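# please find the sequence and the predicted model below.
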Amino acid sequence: MSARLDEAEIAAMLRGSADAARDVGPAGLRERFAARLGEVAVRPDAVPIEFDGRKVEARRGGTILAAAIKNRLRLMHVCGARTLCGTCRVKIDFGRENLTPMSAKEKLSLRYHLSLSPRTRLACQARVEGPIEVESLFPLCGDLPGEEQAR
Ligand code: FES
């Protein structure tokens, strides 16, 4: 095989790759996006939770804090989910068994903040496995970003 043929083969391969990339273009992306939307629409991973009396949805396996943020609920989380501040503490009124077990880090943080009890969890650590009812102990004060425009 000569070097010239090798170049021709490489050129053909490059052309083939470019054609494949063209197929993925906007139309391909639109199809994939529509397919993804269809998957999300079924929402098998959505869990109904009640947070301070508001019925919202959490992602199965996601933290209570993530659900609160996603649903624009007011809950302090000063340390950014590092189990240091304890400001994300919540009281679980119903469905304690539907949360992941407490980790040693979470227990230590709750003990440090004199809040270790079976009904108290750190929203940044407790992951939702099923329906729960939660009451925030330190609701966030003030406006959330973007709230001024909503009014
Ligand atoms: S956000 Fe600080 S302990 Fe959860």
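Happy to help now that I have it.

# what about the nearest residue in space to Arg60 that is not next to it in sequence, distance to Glu129?
Nearest residue to Arg60, sequence neighbours excluded (C-beta to C-beta, 6 or more residues apart in numbering): Asp45, at 4.4 Å. C-betas here are computed from N, CA, C, even on glycine. Between Asp45 and Glu129 the distance is 11 Å, computed by C-beta to C-beta, to the nearest Å.

# cool, and Arg32?
To Glu129, Arg32 is 30 Å away according to C-beta to C-beta.

# returning to that earlier point: show me what contacts the residue nearest to Arg60?
Contacts here follow C-beta atoms under 8 Å, 6 or more residues apart in numbering; on that basis Asp45 touches 59-61.

# in stretch 80-91, what's buried?
Neighbour counts over stretch 80-91 (16 or more other C-beta atoms under 10 Å) mark 83, 85-90 as buried.

# so Asn125 sits against Ala104, correct?
Quick fix: residue 125 is Gln, not Asn. No: taking contacts as C-beta atoms under 8 Å, Gln125 lies outside contact range of Ala104: 10.7 Å.

# distance between the ends of stretch 52-69?
14 Å (C-alpha to C-alpha, to the nearest Å).

# over to the spatially closest residue to Leu137 that is not a sequence neighbour: give its phi and psi.
Distances taken as C-beta to C-beta, 6+ apart place Arg89 nearest to Leu137, at 4.7 Å, with adjacent residues excluded. Backbone torsions of Arg89, given as degrees, to the nearest 10, read phi -60, psi 140.

# what pLDDT does Arg89 get?
For Arg89, the pLDDT comes out at 95.

# show me what it is bridged to.
Beta-bridge pairing of Arg89 under DSSP bridges involves Leu122.

# state the distance from it to Leu116.
Distance from Arg89 to Leu116, by C-beta to C-beta: 10 Å.

# go on, Ala67?
Taking C-beta to C-beta, one finds Ala67 at 23 Å from Leu116.

# neighbour-wise, which of these two wins?
Taking other C-beta atoms under 10 Å, Ala67 and Leu116 do not tie; Ala67 has more neighbours (23 against 14).
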